[in-house]
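Enquirer: got a predicted model here, sequence first, then my questions.
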Amino acid sequence: MLADWSFVEQLVLVFILAFATILAQPLGRRTGVAPAVLMTVLGLVLAIIPQVPNVTISPELILPLVLPPLLYASARRTSWQQFAGNASPILLRAVGLVVATAAAVAAVFHLWYPGIPVAAALALGAVVAPPDPVAVSALADRLGLPRRLMSVLEGEGLFNDVTAIVLYNVAIQAVVTGKFSTLHTILEFVISAVVAVVVGLVLGWVGSRLMRRPEEAPWQVALGLLLPFAAYGLSEAAHGSAVLSVLVCALYLTDAATDFSDSDYRIVGDSFWDVIDMLVTGFAFGLIGLELSSVLAATGPEWPRMLAGAGIVIAVVVGLRLVWLMVSTLIVRGVIHSDTTDEPRTWRETIVTWWAGMRGVATVALALAVPLTTDAGAQFPGRSEILFTAFAVVLFTLLLQGTTLPTVVRVSHVQADTEVERALERDLWVRILRAELTRLDELVGSEQLPPAVSQRLREGFERRLATADPSTAGDVKDADKPLRFSNTIRGITHDVLEAGRAEAMAARREPGMPPELVDRMMRRLDLRPPPFL
């Protein structure tokens, strides 16, 4: 009976988090505080209330349940081309900065706690090294930052877990088994990446082929929901990087969708993933706060003595990121001589990028997953210190950096170049309009329509685009009464609309074209009514 009541309490707690996630959206817009921060604070409040039950989710299940849908939702907003164009800065941060941070944290943590082995200290370094992709997207997405900065921030957040989790597994294994090999570590990293890429590509290819067959959008979207979990589980079972596998699968499907997706699939899919992203993100950050009770239970009354050590680790994590960004920017723009990457171009942009390095769900999940004992039966050395320090880093970066990031952005005057973005959007509208009118001329000629009908069709398409962006069309004669077109006219209209959509999707694959801009425009194209209505 007690077990049943505990289960009911857990369900009530999940419902509270879900309901609070919904309320956090308008509250965040009104207060200017990111919903992710609000949910973390709510979790902290719930954690210190004695009547609230402890969370009983196994740490090993947090990442498999939370990361696949969130990574997939984030990856849908980017593209292979965007990653390839920023490969240098992304890899410098996702690999170089993560390794450097893990090593630096391991060094200072071992010096502060000499009794804790270096391998255990390295496990902490791997836990706190990667900025969380969910935290970065949730906190920085509403600030109006330049797209080039956001693209690198999101790319870094998506790929840095790959490096961190490999380091974490190697460090944990060294402590548990007492064995460590540098060559084995390098081989494990390479094999893990290769296995993940293969699994991701195979599942992406299979999924794209299956999605071409059904004509019902809910079926396609449901399959898209299952594939990230399948990629994560299969890659994990094959000793590959589960995170990298999900990313590869998601990027492959996103790119392939330009060939098989229709308006129904895009409208249903976009709405579905917006809801999933909102609910899972809210639950994940609420869970961060709720885990405070687990951390305090693990550390016991000794947590005050750990504050100084946690403060030193926080200073290393935050300070090293600033130094690395300054040096890597000089390398990318000076040594590599690349003016096409999206690295910060001014010291103000470097400050904003530095302060946007929040930690989140992955850090908490990895810290909680640290084993209790070694293979020899001894307690895992420094587990309490690792848990407390990791949690302190998450709270500092989320609650301090997360709440002050809007102020930093405002004071530094870093903002998106709206004129450039409007020009990109205007140019894309012109391309879409020309593609539609070109296709219309082809179909009108083949169908031998009367001039009055073809002119009415042309005016309809021009009028719809001119309503969305008046600068893309000239003067259009307004007609008060719609014509009753035949099935032939309706077919022509459908083909012309598809020509415009195809042009937009082709633009999404071009280097330098922001995927989110194309996605926003595709939604406007999908939702607009046919011009004869």
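Expert: On my side now, so go ahead.
Enquirer: okay, domains of this structure per the record?
Expert: 2-416, 419-527 (automatic domain parsing).
Enquirer: ok, the residue sitting nearest the centre point of the chain to E156 distance?
Expert: Closest residue to the average C-alpha location of the chain: S74 at 3.2 Å, with C-alpha atoms, centre = their mean. Counting by C-beta to C-beta, to the nearest Å, the gap from S74 to E156 is 12 Å. Every residue, glycine included, has its C-beta placed from N, CA and C.
Enquirer: with F388 instead?
Expert: 26 Å.
Enquirer: which one of those two has more residues nearby?
Expert: E156 (26 against 23; other C-beta atoms under 10 Å).
Enquirer: that one: what's its closest spatial neighbour, skipping adjacent residues?
Expert: Leaving aside its sequence neighbours, E156 sits nearest to R93 (C-beta to C-beta, 6 or more residues apart in numbering; 4.3 Å).
Enquirer: tell me the contacts of the one you found?
Expert: V152, E156, N160, W324, S328 (C-beta atoms under 8 Å, 6 or more residues apart in numbering).
Enquirer: report pLDDT for it.
Expert: Here the pLDDT value assigned to R93 is 88.
Enquirer: show me where this structure has strands.
Expert: Using DSSP state E, no strands are assigned anywhere in the chain.
Enquirer: so G96 versus G157, what's the distance?
Expert: 15 Å.
Enquirer: look at the two and report which has more neighbours.
Expert: G157 (28 against 15).
Enquirer: does the more buried one really touch V98, like I thought?
Expert: No. G157 is beyond contact range of V98, at 11.2 Å (criterion: C-beta atoms under 8 Å).
Enquirer: intersection of neighbour lists for these two?
Expert: P130.
Enquirer: deepest of the domains of the chain, which one?
Expert: Among those, the stretch with the highest mean neighbour count (mean count of other C-beta atoms under 10 Å) is domain 2-416, at a mean of 19.
Enquirer: now that one, how far from the centre of its chain.
Expert: 9 Å (C-alpha atoms, centre = their mean, to the nearest Å).
Enquirer: now the end-to-end length of stretch 348-362.
Expert: 28 Å (C-alpha to C-alpha, to the nearest Å).
Enquirer: now do the phi/psi pair for G357.
Expert: phi -90, psi 70 (degrees, to the nearest 10).
Enquirer: test my guess that S151 contacts S79.
Expert: No. S151 lies out of contact with S79 (C-beta under 8 Å); the separation is 9.7 Å.
Enquirer: roughly how far does G311 sit from V108?
Expert: Relative to V108, and taking C-beta to C-beta, G311 is found at 11 Å.
Enquirer: typed the wrong thing, it's W429
Expert: 54 Å.
Enquirer: next one: L91
Expert: In terms of C-beta to C-beta, L91 sits 25 Å off from V108.
Enquirer: same deal with L124?
Expert: L124 is 10 Å from V108, by C-beta to C-beta.
Enquirer: what is in contact with the two at once?
Expert: V313.
Enquirer: tell me where the stretch 351-500 of the chain has helices.
Expert: For the stretch 351-500 of the chain, the helices defined by DSSP state H, counting those that start in this stretch cover 361-368, 383-395, 402-412, 418-447, 451-468, 487-508.
Enquirer: which of those helices comes out lowest on mean pLDDT?
Expert: helix 451-468 (a mean of 64).
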